[in-house]
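Student: Predicted model, plus sequence, below.
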Amino acid sequence: MASGFFARVYNLWKGFLSIWISDVEKQHPDIAYENAINAMVEKYASLKKATAAIIRRRDDTADRLTRARTGLKQVDTDLNAAVSTDQKDLGVILIQKKQALTEQIAELESEMGQAKNDADTAKASLMQVQGEINKLKAEKDRMLAKMASAQARVRIQEQIEGLSVDAEVKALDGVREHIKNTIAEANLGEELGQTDLEKRLNKLRETSGNVTANDEWEKLKAAKAGAAQRTM
């Protein structure tokens, strides 16, 4: 029961860790590519060791096959000599040895064919992994360059759309408001000055009117007095 509980906790923690790593890699694609490349390099190193072991087995088999073939040639030579000298007992032993070497060579040739195929397959896999590593490195440079370009375009678009306004631009709002207020004060002064001038002009017109009326009254009185004197 306890082991099952801890296993579930471990799997849960592993899941959370995987999600967290995935989020980090999305924010930092260079890390994601570097992790992938490092994993491929580790795979390449392991495969290289395995390939070396396969090639060593192939070479060992080739050496054994060469020695067996050389031994068979020597046995054939010795057997011919035994026949020529009529040494039957020695000839029988050489025939048995020849049969054993022939069987051994057949097995080694079969083993050699398999070893060559294994070595060729391992080398092809090794070259494929190496090619994938080079492709990943090239892709990393290409994609990170595209990412940097896209980020620059996003920043420019945000500035154009007003999503990112600098503090200096915001500060101009207060300056604009101050200029508008100053203009309004100046306009108000002109309006007040015009109103005062109009009052003075109206007062002057009233005074002029009174003076004109008084002059006219005096003229009328003088005219009437002159007429009365002429009657007498």
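Tutor: Yep, that arrived. Numbering: from 1, shown residues only.
Student: When you work out contacts or count neighbours from here on, use the C-alpha atoms and nothing else.
Tutor: Will do.
Student: Now do residue 44: how many residues are near it, please.
Tutor: 20 (other Cα atoms under 10 Å).
Student: and residue 61, what does it touch?
Tutor: Contacts here follow Cα atoms under 8 Å, 6 or more residues apart in numbering; on that basis residue 61 touches 108, 111, 112, 115.
Student: helix or strand for the closest residue to the second one other than its chain neighbours, which one?
Tutor: Right, the one you point to is residue 111. Closest residue in space to residue 111, ignoring its immediate chain neighbours: residue 61 at 7.2 Å, by Cα to Cα, 6 or more residues apart in numbering. Element membership for residue 61, per DSSP states H and E: helix 29-84.
Student: The protein: helices as residue ranges?
Tutor: Along the chain, counting by DSSP state H, helices occupy 2-27, 29-84, 88-160, 167-231.
Student: Now render the ones you listed as a markdown table, adding mean pLDDT.
Tutor: Below are the helices of the chain laid out as a markdown table (pLDDT from 0 to 100):
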| stretch | mean pLDDT |
| --- | --- |
| helix 2-27 | 49 |
| helix 29-84 | 92 |
| helix 88-160 | 90 |
| helix 167-231 | 69 |
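Student: Could you check how far residue 82 is from residue 90?
Tutor: According to Cα to Cα, to the nearest Å, residue 82 stands 7 Å off from residue 90.
Student: So those two - more neighbours on which side?
Tutor: Using other Cα under 10 Å, the more surrounded residue of residue 82 and residue 90 is residue 82, with 17 against 14.
Student: And the more buried one, how far from residue 103?
Tutor: Counting by Cα to Cα - residue 82 and residue 103 are separated by 22 Å.
Student: just residue 113 next, same as before
Tutor: 16 Å.
Student: what do you get for residue 207?
Tutor: Distance, residue 207 to residue 103, using Cα to Cα: 151 Å.
Student: Equivalent analysis for residue 132, please.
Tutor: Remark: distance between residue 132 and residue 103 (Cα to Cα) = 44 Å.
Student: and those two? which has more neighbours close in?
Tutor: Per other Cα under 10 Å, whichever of residue 132 and residue 103 has more neighbours is residue 132, with 16 against 13.
Student: With adjacent residues omitted, what lies nearest to that one?
Tutor: Nearest non-adjacent residue to residue 132 (Cα to Cα, 6+ apart): residue 40, at 7.9 Å.
Student: check contacts around the one you found.
Tutor: 129, 132, 133.
Student: Tell me how many other residues crowd the last one.
Tutor: So that's residue 133. Neighbour tally, residue 133, other Cα under 10 Å: 19.
Student: picking up where we left off before, out of the contacts of residue 40, who's nearest residue 156?
Tutor: Using Cα to Cα, residue 133 comes nearest to residue 156 of the contacts of residue 40, at 34.6 Å.
Student: these two touch, right, the closest one and residue 37?
Tutor: Yes. Residue 133 lies in contact with residue 37 (Cα atoms under 8 Å); the separation is 6.2 Å.
Student: Find residues that contact each of these two.
Tutor: Counting by Cα under 8 Å, 6+ apart, nothing touches both residue 133 and residue 37.
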